[in-house]
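Asker: I'd like to go over a predicted model; first the sequence, then the structure.
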Amino acid sequence: MSADVHRIAEASLAWLAQRGIPPTPDHFRVAFTHLAGEDPTLSAAIAAMSEQGSGPDVIQSRALYERFFGGGEAGSLQEHGRRLADLVGRLQGELATAGQETRECGEALATMRAQVGKPLDVGRVGELLARISEETDRMQAIAGRLEGGLASGMAEIGELRRSLEAARAAALTDPLTGLANRKRFDLALASLAAEARAERRPLSLIMADVDHFKAFNDLHGHRMGDLALKLVAALLLDHFKGRDVVARYGGEEFAVILPDTDLAAARLVADRLREMLATRQLQTRDKTRLGRITISLGVAELATDEPLTELVERADRALYAAKRSGRNRTVALMAGAG
């Protein structure tokens, strides 16, 4: 290991320790990539988190890893590819074996047919009939074995297809909240925005962030922090229906894509959600009350020919304007607004 790499590795461990983040391979990769300056976008995301406190905590670090390094989707696809290759190889082998045995049966029957044309006695006829019966039984066994192998292969293909669909769904789902993850959000936004533009219909985006989440996490612990995120996720799923896409954007930040919804309607529905959450009391299973949690929300509507990155950035600016103005607020920004 070179001196620079060793220095960055030690700094990465210290960086994680300062924030109470366990030095798992995933968290270490986030820290090392940031401190080595290998990904400016990742470093910018960490800087944005640091503006509100001491920087990312364990939940935010996990979200950064999911966002920038993609989780285990590639490994899952590799495993499915390996299983499919094994299945194809097995079926090819069974077909090749059956083909060879079928050819052997055909050759044996051809030989017997030639012998039938010659003078035969009763004993010889009986012998040929016995051999024909054996070859017929052999052909039936080959056909049965091949049919069973193909049926088994079809069943395995069906199981592989279901498993792959489940893996794809998992790759697009946030494991903590069950909401769409950042990757699915990006895919859905691109698709729904293209549809909105083609049909000249409105589309709005809400970005929401849990207020004072780091302080809540530090006070009550990560388990209660996870509980708070799950509560927000459940309310989001109850509040938005139909074609709306609800996602965990990263850490304690959530996003909602609202097709067929203009800015005024999106702001109204966002404010209703904010008010609803503010009335909820968070408590543990033993009924210990942890107080209320609130969210700040930013709302933006897609403008004609606007890049999607600008839509997301404007909704983010609206979100942070809500936080700067006192939190537990909803702010909407029109295109062109600062």
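Answerer: Good, I have the coordinates.
Asker: helix or strand for V246, which one?
Answerer: strand 245-250 (DSSP states H and E).
Asker: Just confirm H27 contacts I21, I think it does.
Answerer: Yes. At 5.1 Å, H27 counts as touching I21 under the criterion of C-beta atoms under 8 Å. All C-beta atoms are positioned from the backbone trio N, CA, C, and that covers glycine.
Asker: which residues do these two both contact?
Answerer: Common neighbours of H27 and I21, using C-beta atoms under 8 Å, 6 or more residues apart in numbering, are V58, S61.
Asker: Could you name the helices and strands sitting against the strand holding V246?
Answerer: Packing partners of strand 245-250 (3 or more C-beta pairs under 8 Å, 6 or more residues apart in numbering; DSSP states H and E): helix 58-69, helix 182-199, helix 222-239, strand 253-259.
Asker: Residues contacting that strand from elsewhere in the structure, which ones?
Answerer: Residues outside strand 245-250 that contact it (C-beta under 8 Å, 6+ apart) are 45, 60, 63-64, 66-67, 174, 176-177, 179-182, 184-185, 188-189, 192, 207, 229, 233, 236-237, 240, 254-257.
Asker: can you map out the helices along the chain?
Answerer: All helices of the chain, identified by DSSP state H, fall at 3-18, 25-35, 40-50, 58-69, 73-116, 122-171, 182-199, 213-220, 222-239, 263-278, 308-324.
Asker: possible to save those as TSV with mean pLDDT and distance to L297?
Answerer: Shown next, in TSV, are the helices of the chain (pLDDT from 0 to 100; distance: least, C-beta to C-beta, whole Å):
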stretch	mean pLDDT	distance to L297
helix 3-18	83	31
helix 25-35	87	27
helix 40-50	79	17
helix 58-69	74	19
helix 73-116	65	30
helix 122-171	68	28
helix 182-199	89	16
helix 213-220	85	14
helix 222-239	88	11
helix 263-278	94	5
helix 308-324	93	6
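Asker: Mean neighbour count and distance to G298 added to the ones you listed, as JSON lines?
Answerer: Output for those, formatted as JSON lines (neighbours: other C-beta atoms under 10 Å; distance: least, C-beta to C-beta, whole Å):
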{"stretch": "helix 3-18", "mean neighbour count": "14", "distance to G298": "29"}
{"stretch": "helix 25-35", "mean neighbour count": "19", "distance to G298": "25"}
{"stretch": "helix 40-50", "mean neighbour count": "15", "distance to G298": "14"}
{"stretch": "helix 58-69", "mean neighbour count": "20", "distance to G298": "18"}
{"stretch": "helix 73-116", "mean neighbour count": "13", "distance to G298": "29"}
{"stretch": "helix 122-171", "mean neighbour count": "13", "distance to G298": "28"}
{"stretch": "helix 182-199", "mean neighbour count": "16", "distance to G298": "15"}
{"stretch": "helix 213-220", "mean neighbour count": "18", "distance to G298": "16"}
{"stretch": "helix 222-239", "mean neighbour count": "17", "distance to G298": "15"}
{"stretch": "helix 263-278", "mean neighbour count": "17", "distance to G298": "8"}
{"stretch": "helix 308-324", "mean neighbour count": "19", "distance to G298": "3"}
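Asker: With distance to A335 added, can I get these in TSV?
Answerer: Shown next, in TSV, are these (distance: least, C-beta to C-beta, whole Å):
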stretch	distance to A335
helix 3-18	38
helix 25-35	33
helix 40-50	22
helix 58-69	26
helix 73-116	34
helix 122-171	33
helix 182-199	14
helix 213-220	29
helix 222-239	25
helix 263-278	9
helix 308-324	7
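Asker: Can you give me the end-to-end span of stretch 255-267?
Answerer: 13 Å (C-alpha to C-alpha, to the nearest Å).
Asker: Residues in contact with it: which ones?
Answerer: Contact with stretch 255-267 is made by 185, 188-189, 192, 195-196, 201-208, 236, 240, 243-249, 269-270, 299-301, 315, 330, 332, 334, as judged by C-beta under 8 Å, 6+ apart.
Asker: Swap in 6 Å and give it another go.
Answerer: Identification of contacts with stretch 255-267 by C-beta atoms under 6 Å, 6 or more residues apart in numbering yields 185, 188-189, 192, 201-207, 240, 243-247, 249, 299, 301, 332.
Asker: ok, of those, which come out buried?
Answerer: 185, 188-189, 192, 202-207, 240, 244-247, 249, 299, 301, 332 (16 or more other C-beta atoms under 10 Å).
Asker: Show me how this structure divides into domains.
Answerer: Domain ranges of the chain: 3-69, 73-171, 182-333, per automatic domain parsing.
Asker: residue contacts, the spatially closest residue to L319 that is not a sequence neighbour?
Answerer: If you skip the residues right next to it in sequence, L319 has G298 as its closest partner in space, 3.1 Å away by C-beta to C-beta, 6 or more residues apart in numbering. By C-beta under 6 Å, 6+ apart, the contact list for G298 reads M207, A315, A318, L319, A322, V331.
Asker: Would you mind giving the residues you listed as TSV with distance to R292 added?
Answerer: Shown next, in TSV, are the contacts of G298 (distance: C-beta to C-beta, whole Å):
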residue	distance to R292
M207	21
A315	24
A318	23
L319	20
A322	17
V331	21
